[in-house]
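>>> Just the structure for this:
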Amino acid sequence: MTMTSINSYPLSVPAISVTQPLGTFFVASIPARVLLDTAYSDKLRAVKAADGKSYELEGSQRELIIPRLKEIGDYIKSDESTFPNSIILAPNFSMESGEPIEDDEIGKSLRWNINEIEDPNLPSGRAYFLTIPSPEAIAPIIDGQHRLFGFKYCGNPKRLDTELVCSIFLDLPKPYQAFLFATINSNQKSVSKSQTYELFGYNVEKEPPEFWSPDKLAVYFARKLNGKDENQQDESPLTERIIVSAANDFSQSRSEGARDGKWMVSMATVVEGIARLFSQNQKRDRIALLQLPKDSRYRSELKRVAPGDKSPLRELFINSNDLLIYTALKNYLLVVNDLFWSKNTMDSYICKTVGVQALFDVLLVLAKEGFETKKFSIYFFHSKLSGASAINFQHERFKNASGSGRLLIKNCIFRASGIEKEKMEDLDAKKLQEIDEAITGKPLPT
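You can find the predicted model right below:
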């Protein structure tokens, strides 16, 4: 459904200046029909990087959900419709290229801008006006796309005059747009954790590694583990098995993987498992770094501003010894693939989310010993885990997708391998019996 603009441009509306730590933005009331002309949804998309192995992200939005738009459209038609929350915009970016909009050669401006005038009647002594020069769509939506585009489905032209509260970040750089979107939505169920992690790791290669927070480093490692090596000499067992949440034309979905007989795992599962190796609280670390001056956000500062973290590879992270962390991670996964994944079908719970989570739980314990003994070799991990290689994770006892299923898998590996022996012995007799019966494959009682 398309609409013909009947708006008059340039359009000028009053605005309020708001200054916060991220910077100054402006709040203005803009009619829905104007926003339908000038705003667009900058859909998150993954694009292959130049090296052909990793990818970069463009945009920061979810795909539009048509049924939801129609529901909002029906709501807009009602006499009680209201939208008190603001739509967040970042004007002055081309919809086609994503690049900043500049004035053309003859001086004609398409850019949204703020005019400031003196007004002694106001406490601040000045007033602000937002000018929208033309109906060109140059304002990417950071948040609120469904609210706005629901007006396309309301079926009542008069409703297009509805004024909407807008928070306007003029010329906000793309990485900050993605960060702002992720921050707003990280605790909402409507945005997957995987997509949020992708956004927090937005084009990490363009930022010095020494500035990476734990979740950014974990995203980088996950992407590296997922990437395909053309020479097939440095591929990980997770190559092309991690589901990339952004729209793309090279990563399989879970259903596509199932069709090809290949198990898949979410980006969130892998990133969370990796990040726990060097951070007990990713959010705390990220915020602590953001509170530092922009040119001083070295991860080494976390030793001072976020002390007391007991994660096993924290020291390696603080010292930016990323190569050693990645080597330990990859060697562990190679052993896991050899002892477990390669011996089980995609229906086995060792290949599902709870199984992968349990395997990262095991790595958390082994990483501590590996760091203390300076051993992260394939031989080290193989010697620790080989005792559990005979466990049949396809057995009915492991068919439990809940947290208790994850715990059972982890404890069975611990028990069979002799890892965490003292803690295993502290379990009550009934729990130990359940673990031993799962290891031996004893049928469930009827």
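>>> List the residues that contact the residue nearest the centre of the chain.
Residue closest to the average C-alpha location in the chain (Cα atoms, centre = their mean): residue 197, at 1.9 Å. Residues near residue 197 by Cβ atoms under 8 Å, 6 or more residues apart in numbering: 215, 218, 219, 267, 268, 271. Bear in mind the C-beta positions are built from the backbone N, C-alpha and C, glycine included.
>>> Longest helix of this protein, counting residues only.
helix 353-373 (DSSP state H).
>>> surely residue 85 meets residue 167?
No - contact criterion Cβ atoms under 8 Å: residue 85 and residue 167 do not qualify, at 9.6 Å.
>>> Neighbour count: these two, which is higher?
The residue with more neighbours, out of residue 85 and residue 167, is residue 167; 20 against 12, by other Cβ atoms under 10 Å.
>>> Which pLDDT does the model give that one?
At residue 167, the pLDDT value in this model is 97.
>>> so is it in a helix, a strand, or just coil?
The three-state label given to residue 167 by DSSP: H, G, I helix; E, B strand; the rest coil is strand.
>>> Look up which residues are beta-bridged to it.
Using DSSP bridges, the bridge partners assigned to residue 167 are residue 27, residue 88.
>>> Surely it and residue 27 touch.
Yes - contact status for residue 167 versus residue 27: in contact at 5.6 Å, counting by Cβ under 8 Å.
>>> where along the stretch 51-200 of the chain do the strands fall?
For the stretch 51-200 of the chain, applying DSSP state E, counting those that start in this stretch gives strands covering 55-58, 87-89, 113-118, 126-132, 139-143, 163-168.
>>> who wins for proximity to residue 11 among these?
When these are compared by Cβ to Cβ, strand 126-132 sits nearest residue 11, at 4.6 Å.
>>> ok and that closest one relative to strand 163-168, angle-wise?
100 degrees (axes from the mean of the first three to the mean of the last three Cα atoms, to 10 degrees).
>>> contacting residues for residue 27?
Applying Cβ under 8 Å, 6+ apart to residue 27 gives the contacts 15, 16, 18, 86, 165, 166, 167, 168.
>>> And those, which of them are buried?
Among the contacts of residue 27, those classed as buried by 16 or more other Cβ atoms under 10 Å are 15, 86, 166, 167, 168.
>>> related to what we said a few turns ago, okay, and the common contacts of residue 167 and residue 27?
Common contact partners of residue 167 and residue 27 (Cβ under 8 Å, 6+ apart): 18, 86.
>>> Of the buried ones among the contacts of residue 27, which pair is most distant in space?
Within the buried ones among the contacts of residue 27, two members stand farthest from each other by Cβ to Cβ: 15 and 86, at 12.4 Å.
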